[in-house]
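[1] Any chance you could fold what I've pasted below:
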Amino acid sequence: MRLLLLTTLFSVPLLSLSGADWPQFRGPLGTGHAPGASPPLEWSESRHVKWKTPIPHKGWSTPVVQGEVIWLTTATEDGKEYFALRLNRKTGAVEQNVRLFTSEAPEPLGNTVNGYASSSPLIDGDLVFIHFGSYGTAALDARTGEEKWRRTDLPCRHYRGPGSSLAHFKNTLILTMDGVDVQYLIALDKQTGRTVWKTDRTTDFKDIGPDGEPELEGDLRKAYTTPLMIEPKTGEPWFISTGAKATYAYDSATGQERWSALYDGFSNASSPVFAHGLVFINTGYGKANLHAYPVDDSTRGRLTTDQLAWDCLKRVPQRSTPVVVNNLLFMFDDGGFASCLDVATGEIKWSERLDGNFSGSPVVLQDGTILACTEQGASYALAPTAEKMTVLHTNSLETGMLAGPVAVENALYLRTKSHLYRIEGE
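    Residues are numbered from 1 along each chain as shown. Just a heads-up that it's a prediction; the model follows:
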């Protein structure tokens, strides 16, 4: 009963009620759900490909779609040049290729799957917002590509490249900057790019040596996640933001911290999920656990493990974000396992291996079908059932995906390592 009550008190605010657009990372709801979308469940290089457009350079960012335009980002492999591309949604033609930023000395990525163009854009009305972490953020006219403003003065040493995508609230654009040197969130005015508020993480990393400097340099302080906005039926919305060693809830209008939950994980890429009054937190690298905390609008302060509804220690993804369908949670891990859990109890209903490794987050179609794509090129359409893993179709493209699939109306937009595809029925 408590879970049902909390579900009625909160929702995830909608950017697009019609489902005719894909305006931000993880879709119009920010949850991986694609309302109104019913694209083909079967495709190949020779079937249901409406168009296929080569994308220059390298990028894992998910495209955004509004009206007849698509925007995505890419960067040279050496990280010295950063681009925003606008494509025609009907034809796939590249109509704008804007070089926005340059860097004479980008920090090397090291041994990582990440690149320099992993942060997804956000499109809202006349403006599209392009983000490359500390290398630069800009607002462009969504139809012409004309630059409205830019910021290149927001410090963050990403160490292995930027990865957090953009969120927004009313007239503010929210950036997540979790680096090895600084960790903060900042809200910019959408029209001007000016700072509205800035909130530093309050995480105690417990790694400061006697000289006052961190003893461990590198991965243990950084993260790549994107905030999830939560909207109560009364009162102002707030959002949940996962970082290294801790997840926080913040007031959307002011950035003021509301509550936090600690853990040992770092280099988090999987974003938080909220459903049925529970927030699901992926603790990231080290050993990924999935923590389920009950929260409501009165939750404040430090959450403890005594307050956990449940936690899952097995086959939790380190990069992909889970999705919830009805009373079930589905996750796809880096090793190729798909798992189904009961939302209320955390009971694992099934866990089975698929062929490939998952980095991009899955998408839920209108009828509940789940689409998940691998780094090797295989894509799976799964039925959202608790009894057993039911693969409806297995599909393949020439190169794999680290971006998540985008589902809008009767079409899929799939960004592989080399191309952007529009998949649509005949």
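[2] for the chain, what spans make up the helices?
    Using DSSP state H, the helices of the chain run over 2-9.
[3] If the residue lying closest to Phe358 once chain neighbours are set aside is in a bridge, with which residues?
    Of all residues not flanking Phe358 in the chain, Phe332 sits nearest, at 3.9 Å (Cβ to Cβ, 6 or more residues apart in numbering). Backbone N, C-alpha and C define where each C-beta goes, glycine included. Beta-bridge partners for Phe332, by DSSP bridges, are Ala338.
[4] pLDDT score assigned to Phe332?
    On pLDDT, Phe332 comes in at 97.
[5] Quick one: residues contacting it.
    Neighbour list for Phe332: 317, 320, 338-339, 354, 358, 362, 372 [criterion: Cβ atoms under 8 Å, 6 or more residues apart in numbering].
[6] Now neighbour count, distance to Glu236 and pLDDT too, for those residues, in a markdown table please.
    Below are those laid out as a markdown table (neighbours: other Cβ atoms under 10 Å; distance: Cβ to Cβ, whole Å; pLDDT from 0 to 100):
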| residue | neighbour count | distance to Glu236 | pLDDT |
| --- | --- | --- | --- |
| Pro317 | 26 | 31 | 96 |
| Ser320 | 25 | 30 | 96 |
| Ala338 | 23 | 37 | 97 |
| Ser339 | 22 | 35 | 98 |
| Leu354 | 20 | 41 | 96 |
| Phe358 | 28 | 35 | 95 |
| Pro362 | 24 | 30 | 97 |
| Ala372 | 25 | 34 | 97 |
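[7] quick one: which of these sit in strands?
    Under the assignment DSSP state E, the contacts of Phe332 contribute 338-339, 372 to strands.
[8] Reformat those as a markdown table; add distance to Leu414.
    Shown next, in a markdown table, are those (distance: Cβ to Cβ, whole Å):
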| residue | distance to Leu414 |
| --- | --- |
| Ala338 | 19 |
| Ser339 | 23 |
| Ala372 | 12 |
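[9] out of those, who's nearest Lys58?
    Closest approach between the ones in strands among the contacts of Phe332 and Lys58, by Cβ to Cβ: Ala372, at 22.3 Å.
[10] Asp181 versus the closest residue to the closest one other than its chain neighbours, what's the distance?
    The shortest distance from Ala372 to any non-neighbouring residue, by Cβ to Cβ, 6+ apart, is to Pro362 (4.1 Å). Note on Pro362: its distance to Asp181, by Cβ to Cβ, to the nearest Å, is 33 Å.
[11] same thing with Val196?
    Counting by Cβ to Cβ, the gap from Val196 to Asp181 is 23 Å.
[12] Neighbour count for these two, which is higher?
    Val196 (19 against 15; other Cβ atoms under 10 Å).
[13] nearest residue to that one other than its sequence neighbours?
    Closest to Val196 by Cβ to Cβ, 6+ apart is Ala187, at 4.3 Å.
[14] partners of the one you found in the sheet?
    Bridge pairing for Ala187 (DSSP bridges) gives the partners Ile174, Trp197.
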